[in-house]
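J.: Sequence unavailable; structure follows:
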């Protein structure tokens, strides 16, 4: 079974091959569509309509599937060539999809940067830095949350292992000295 890093390496290799077979503008346009398709799966993995790529769709056939070598990339992402009409995403491959999308996104961004004006490039770099900080903050929060959950779990386990002692109320030695009323004994005649 391939590790997640092996799959990312495979996708990166396919992207290099795509780069040699196609012009930059076609790659940028085609990968934008593919990234949108992947994002839809990541947002709603259980919706079947997002897991299918319809080969006969005009935009997909002209902008994505027209790229030489794109089928290798689509299959590497976890799609299966179902028939002449669809590529169907195998939901079992979902766990790796985020890392694979990120590899494609980075490649796509590098291609786009070549054609940006200095102002666009500056805005792009600022946005990338903000995204990086956002992801780092989320990682820190997730780690803190996990540490807290682990601490709570440890505390629960520790508490469950303690010997249960029977409890009894404390005897209070203050306040009024109350004597229980005893009615007088009946007089004998």
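T.: Here it is on my side, so go on. It should be emphasised that the depicted structure is a prediction, and the values quoted were computed from it without experimental measurement.
J.: just the helices in the protein please.
T.: Secondary structure of the chain by DSSP state H: the helices cover 4-21, 24-43, 58-59, 70-76, 94-113, 118-161.
J.: Take the ones you listed and write them to TSV, including mean pLDDT, distance to residue 174 and mean neighbour count.
T.: Using the backbone N, CA and C atoms, a C-beta is placed for each residue, glycine as well. Putting the helices of the chain into TSV (pLDDT from 0 to 100; distance: least, Cβ to Cβ, whole Å; neighbours: other Cβ atoms under 10 Å) gives the following:
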stretch	mean pLDDT	distance to residue 174	mean neighbour count
helix 4-21	87	68	15
helix 24-43	92	66	17
helix 58-59	90	85	10
helix 70-76	89	80	18
helix 94-113	89	65	16
helix 118-161	92	33	10
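J.: Residue 181: which of those helices is closest?
T.: For residue 181, the closest of the helices of the chain is helix 118-161, at 45.1 Å, according to Cβ to Cβ.
J.: for residue 50, what are its contacts?
T.: 37, 40, 41, 43, 44 (Cβ atoms under 8 Å, 6 or more residues apart in numbering).
J.: quick one: which of those residues is nearest residue 84?
T.: residue 37 (18.6 Å).
J.: What are the buried residues along stretch 53-65?
T.: By neighbour count with 16 or more other Cβ atoms under 10 Å, stretch 53-65 contains the buried residues 53, 55, 57, 60, 63, 64, 65.
J.: Look up the closest residue to residue 46, ignoring the ones flanking it.
T.: residue 91 (7.9 Å; Cβ to Cβ, 6 or more residues apart in numbering).
J.: residues contacting the one you found?
T.: With Cβ under 8 Å, 6+ apart, residue 91 has these contacts: 45, 46, 51.
J.: Quick check, pLDDT for it.
T.: pLDDT, residue 91: 85.
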